[in-house]
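Colleague: Any chance you can model this:
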Amino acid sequence: MAVLRLRLALVASLVAILAACGGSAPSSGVTASQGASGAATAAPGATDEPAASDAPGTSEAPTATDEPTATDGPAATDGPSPSGGPGASESPSVEPGAGAEACSGSTSNREFFVGIAKVVEWPVLCGVLPKGWFVSQGSYRLANGGKLLISYKGPGGASIALSEGAWCTSADGCVPAGTELGATALGPLTGTLYQAADGFAILAAAGENPSWLMTTHGLDQATATSLAAALARVGR
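Modeller: As a prediction, the model looks like this:
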């Protein structure tokens, strides 16, 4: 019996020693809590969606315009002379485009004239120029019956500008300032020739809609009237 008590006392002492040596279980450091299903639940505020800076941006749809522009640059340097020449075979096959093959410049330049000729009711005129001339800039609008503005640059700083359709909004018909020199051809039309301080101008159908104006700088009178008479009619 005494031996049994001694053994029990030793067991109790061993349990006490082990309890004294034991510690709390080490922390795992995991902040997520364990759900009923065993999956970890994320801490409040966490999200798996992209931040606003990661979201794709929005862009506005392109706006339509009725003001096409002619191709800039020395495209007309290989264009036809008034009697024809290199580049005439590049004319577009779009209708109505009668006469467009004579327009100086690139295929894009000629298609520009065909483009407006298809949608306006008046004769569109284009330059038929010797080698060395090129389209500088051009645009057209369809409002109020349509208008066309296009300019050319040539050798030695010479230039020609054409205004056609509803380009004039002045009550005086946009008659050029200068000396009136009489009637002269403006392509298939008949216009009035004016001499200004810095060149010549030829105006047809002054004060009407449509009307046509060709201005020149750096050209003598004979050259100006010759190039005016050589203007080609595109379309109607």
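
Colleague: low-scoring stretches of this structure, by residue?
Modeller: Under the criterion pLDDT under 70, the flagged ranges of the chain are 1-98, 236.

Colleague: Would you state the helices of it in chain order?
Modeller: Secondary structure of the chain by DSSP state H: the helices cover 2-21, 107-117, 221-229.

Colleague: The shortest one: which residues count as buried?
Modeller: Spelled out, that is helix 221-229. Along helix 221-229, the positions that meet the burial threshold by neighbour count (16 or more other C-beta atoms under 10 Å) are 224-225, 227-229. Every residue, glycine included, has its C-beta placed from N, CA and C.

Colleague: From the contact counts, what lies against it?
Modeller: Contacting helix 221-229 under the criterion 3 or more C-beta pairs under 8 Å, 6 or more residues apart in numbering; DSSP states H and E are the following elements: strand 179-186, strand 189-196, strand 199-204, strand 211-217.

Colleague: Quick one, which of these gets closest to residue 157.
Modeller: Ranking the helices and strands packed on helix 221-229 by their distance to residue 157 (criterion: C-beta to C-beta) puts strand 211-217 first, at 7.9 Å.

Colleague: Touching that closest one from outside, list them.
Modeller: Contacts made with strand 211-217 from outside it, assessed by C-beta atoms under 8 Å, 6 or more residues apart in numbering, are listed as 125, 157-165, 167-168, 173-174, 176, 186, 189, 191, 196, 198-205, 223-224, 227-228, 231.

Colleague: From those residues, list the buried ones, please.
Modeller: For these, a burial check counting by 16+ other C-beta under 10 Å picks out 125, 158-165, 167-168, 174, 176, 186, 189, 191, 199-205, 224, 227-228, 231.

Colleague: Kindly provide the distance from the residue nearest to residue 147 when sequence neighbours are not counted to residue 205.
Modeller: Leaving aside its chain neighbours, residue 147 sits nearest to residue 165 (3.9 Å; criterion: C-beta to C-beta, 6 or more residues apart in numbering). Remark: distance between residue 165 and residue 205 (C-beta to C-beta, to the nearest Å) = 10 Å.
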